[in-house]
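K.L.:
model the following, please.
(chains A and B)
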Amino acid sequence: MGKWTRRGFIGAGVLVGGGLVLGVTGAALSPARHGLREDDPENIGQLTTWILITPDNLVTVLVPHCEMGQGAQTALAMMAAEEMEADWKLVRVKEAPALDAYANAYIVRAFVNDVPGPFERGFDYGTYRLARWFGLQVTGGSMSVRGTGHHGMRVAGAAAREMLIGAAADMWDVDRGACAAGNSHVTAAALGRVATFGELAKAAARQPVPTHPALKGYKDYKIRRRPQQRFDLRSKVDGSAIYGIDFTTAGMLHAAVDIAPVFGGKLVSVDTTAAEMMPGVKKVVRLEEAVAVVADSYWRACNALAALKPQYDDAGHGAVSTASIFAAFDKSLGEVPSMPADAATVIKADYKVPFLPHATMEPMACTARVTGDKAEVWAGTQDPLNARKTAADALGISPENVQYTNLALGGGFGRKLPNYLDFVGISARIAKEMSPAPVKMIWSRETDMQHGYYRPAGMTRFAGALDASGRPIAMRSFYAGGGDRESTFMPYAVDDQKYAARDAEHPIRTGPWRSVLNSQHGFFKESFIDEMAHAAKKDPFEFRRELMTDHPRFKAVLERVAQMAGWGKPLPPREGRGIAICESFGSIVGQVAHVAVSPEGVLKVKDVYAVADCGDVVNTDTATAQVEGGVMFGLSAALLGAITIKDGKVEQSNFNDFQTMILKDAPSVHVDFIISGAHPGGLGEPAVPPIAAAVANAIFAAIGIRVRELPFKDARLAVAT
Amino acid sequence: MARMAITLTVNGQVRSLDVEPDTPLLWAIRDTLGLTGTKFGCGVAACGACTVHINGKAERSCSIPVSAIEGASITTIEGLAANGALNRVQQAWLDQQVPQCGYCQSGMIMAVSALLAEKPHATDAEVDDAITNICRCGTFARIRKAIHSLAAVEAGGA
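P.N.:
Residues are numbered from 1 along each chain as shown, chains lettered A, B, ... in the order given. All right, here's what the predicted structure looks like:
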């Protein structure tokens, strides 16, 4: 499956003004053959530029991933610059444009490398994942560093170094071995010669492109494995960063939109007379599932929208509620999984998690201008190519006729991934009605909260068996609400394990939410193994550790995090520690939560300790930030988060009734990494899955109450009176 | 509602705005004055992304009509850095590499600046009471670290 046999994928060319461009030729992956396509490296028009060296001795790295706070653009530039021997102070970064040539060939390749051992025989698994990422320029799946960076940027940087050295050697008429690159210069010490990368760039571009350039060992790293400041942060402390919502252009109109409150609902009628008379209103636009007001200012558009009383149908889903969805889950799960007849102890437990919104701080926003069969679109998304296609499909034109510009994202978390860009399509349809004027559409928070693609609600029915010595002999579950082999995988040596989907359909829109299926299954499986440990009357850390005989990386992470957290040291009454560990996106993260529960039942998460084995760490500071952020994101949801459904509609409307964590709720987070040398794993998501179980397990340790349903705010933790 | 001229001092400059009197300050700042560093997050003063200083106090601009603050002095994130030099809160944010997506951070920085101007030695409890802005990326650990670094500078008299 997916063996990459051809390596002629790097090309180089001369930049106008004398400089080097280096990159990938054409679209590197041919879906039909699952192999690299060799394009003519002389054909500069086909060159997907990744690295530019200009005569002023600056290196610019073009990164085909968006920046939504994860620091990937900086990390990828570090990976290229390290191999180039560039002076980090002379490196710049730029986001690549939305062009087919920047599609994610390297992400696909990382997926092939990353298919975990147990699944290797599952060809379907591999092709499923491959198919998902073809033709995308996506930032998601925690893939930037381990995909584009590991397989692409490193190699491109090393090739550039060899070409610069080759150019210097030719110029000075010496062996390449007499020349060395460092700090954006090539020197020939014996000759006393030195030249900048900028001076050599034009000649370097004419050097043959090495297909197997030598890559550095970690012992020689000067830029990687260190904390480097992100390129984009100055603009994010002085207010100058331009997000999708901030875009503005001459003659731009503003749109406010109202969408059918029940998913699948259609606009039946709306009286537009009054709204159209209001100041500044240009038009009331009827869409199939929505109505929009376009005005000369956003506030005027909002006021006129509020004056409308649109009527929608409910697509037959008007009776759907949270209760009806969970009742259907319960029914489809059916009987508790059977357990071996010779079990000494059988443990059974149901767990439930709610729908969750992404609630990105920036509500959905997009600007579009339609002129004839062409369009321009501006937004912040996790996939510029899919944004372009979404707009094109909405307008019935070819993607080549859409010029899409990606701007900074005010949060992504999966909401702005391909196939979830409904707002881009709506924006394009509104702009079509106002052609040729550009129109910026901004969703209100209420619209954003009620028209998400929610983390699926889920329910699991677990059973486990212990033998007379307290050793687990079976663990089985049925689950509804989604799951796969990665998310249900447990690293414990229990021979009889079986986890099976028993899903029940519902009309609520769902989508990938930071860590996709792992946040819910992390809570299910790591809560259940904890219940097994307590039933066996064993320490939850020791119980897990003893079962990790086949998984030394898991064991190392578990031991390190327990040690960090002072596992086993005495705590005051009503305080406790809980441990949990999950693998997702190629990284293993173990966490210990330290909680206190007041006699009144107020839960305080005081400290979280997290250890990650993601193989290697590129930027130690942004890697730490991703683990801190993952813990907080998962914890906010576990403590407070729930989207509930009534009459087919989302009940929550804004941050006053959908609560999130604020500073006073935030624990101290202590982060460490294990550099195992394993194939690089992701970091944007893997810190999310363990936290809910770590807290549930800590609550049990503190007060003996087992919480099996999220969020914790709904649990009764007070001392019974 | 008819438009009317409203005069405000924004980042030290006197500005006359021709808008409906019920226009929230947020949209006057963003759309009329073109200062987009102040962000829209919720529209109901729940998240703090739109925090600015009105006469030196941190306020949530999405829920304050311009007519209510005629003649007031407004400072936005763009007005914090004097002559391009970051103020000490912004610098602490950079030193601690606080922002992730960054969208909430204008509001965070405005809220913290106002708090520390009023209470240079703010305790953790005072910080918890005052800083109720939402961040979805989860930068809270670094926000606290940055505030501590500023309080420590004050405490040491540096």
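K.L.:
burial measure for the residue of chain A found nearest chain B, as a count.
P.N.:
Ranked by Cβ to the nearest Cβ, the top residue of chain A for proximity to chain B is residue A:239, at 2.1 Å. Every residue, glycine included, has its C-beta placed from N, CA and C. The number of residues packed near residue A:239 is 24, by other Cβ atoms under 10 Å in any protein chain shown.
K.L.:
so it, which of the three states?
P.N.:
Following DSSP: H, G, I helix; E, B strand; the rest coil, the label given to residue A:239 is coil.
K.L.:
ok, it touching residue B:75?
P.N.:
No: using Cβ atoms under 8 Å as the test, residue A:239 is too far from residue B:75 to be in contact (11.3 Å).
K.L.:
centroid-nearest residue for chain B?
P.N.:
For chain B, residue B:110 is the residue whose C-alpha lies nearest the centre (Cα atoms, centre = their mean; 2.8 Å).
K.L.:
interface residues of the stretch 151-300 of chain A facing chain B?
P.N.:
Residues of the stretch 151-300 of chain A lying close to chain B (Cβ under 8 Å from any Cβ of the partner chain) are A:227, A:229-230, A:232-243, A:245-246, A:248, A:254, A:279, A:297-300.
K.L.:
ChimeraX command for the buried members of the residues you listed?
P.N.:
Typed into ChimeraX, the next command selects the buried ones out of these (criterion: 16 or more other Cβ atoms under 10 Å in any protein chain shown):
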select /A:229,230,232,233,234,236,237,238,239,241,243,245,246,254,297,298,299,300
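K.L.:
show me the residues of the stretch 151-300 of chain A next to chain B that map onto helices.
P.N.:
Members of these lying in helices (criterion: DSSP state H): A:233, A:234, A:235, A:236, A:237, A:298, A:299, A:300.
K.L.:
element containing the residue lying closest to residue A:357 once chain neighbours are set aside?
P.N.:
Leaving aside its sequence neighbours, residue A:357 sits nearest to residue A:452 (Cβ to Cβ, 6 or more residues apart in numbering or on different chains; 4.4 Å). Per DSSP states H and E: residue A:452 is located in neither a helix nor a strand.
K.L.:
do the same with residue A:76
P.N.:
Per DSSP H and E, residue A:76 falls inside helix A:72-84.
K.L.:
can you give me how far that helix is from the chain middle?
P.N.:
Distance of helix A:72-84 from the chain centroid (Cα atoms, centre = their mean, to the nearest Å) equals 19 Å.
K.L.:
next SSE downstream of it?
P.N.:
strand A:91-95.
K.L.:
neighbouring strands for that next one, and are they parallel or not?
P.N.:
strand A:59-63 (parallel) (DSSP bridges).
K.L.:
neighbours around residue 55, how many?
P.N.:
Using chain A here. Residue A:55 has 17 nearby residues by other Cβ under 10 Å.
K.L.:
oops, I was thinking of chain B
P.N.:
12.
K.L.:
got the angle between the helix holding residue A:76 and strand A:59-63?
P.N.:
Interaxial angle, helix A:72-84 versus strand A:59-63 (axes from the mean of the first three to the mean of the last three Cα atoms, to 10 degrees): 130 degrees.
K.L.:
over to the residue of chain B at minimum distance from chain A. Which of the three states is it?
P.N.:
Here chain B gets closest to chain A at one residue, residue B:37, 2.1 Å apart by Cβ to the nearest Cβ. Three-state assignment for residue B:37 (three-state DSSP): coil.
K.L.:
next, give phi and psi for it.
P.N.:
Reported as degrees, to the nearest 10, the phi and psi values for residue B:37 are phi -70, psi -20.
K.L.:
show me what counts as buried in stretch A:421-437.
P.N.:
For stretch A:421-437, a neighbour-count test (16+ other Cβ under 10 Å) marks A:421-434, A:437 as buried.
K.L.:
anything in that stretch near chain B?
P.N.:
No: counting by Cβ under 8 Å from any Cβ, chain B has no neighbours in stretch A:421-437; the shortest distance is 14.7 Å.
K.L.:
and that stretch, how far out from the chain's middle?
P.N.:
27 Å.
K.L.:
now swap in stretch A:145-164 and tell me
P.N.:
Counting by Cα atoms, centre = their mean, stretch A:145-164 comes out at 23 Å from the chain centroid.
K.L.:
which parts of chain B are strands?
P.N.:
Taking DSSP state E to define them, one finds strands in chain B at B:4-10, B:13-19, B:51-54, B:57-60, B:73-75.
K.L.:
nothing else from me, thank you.
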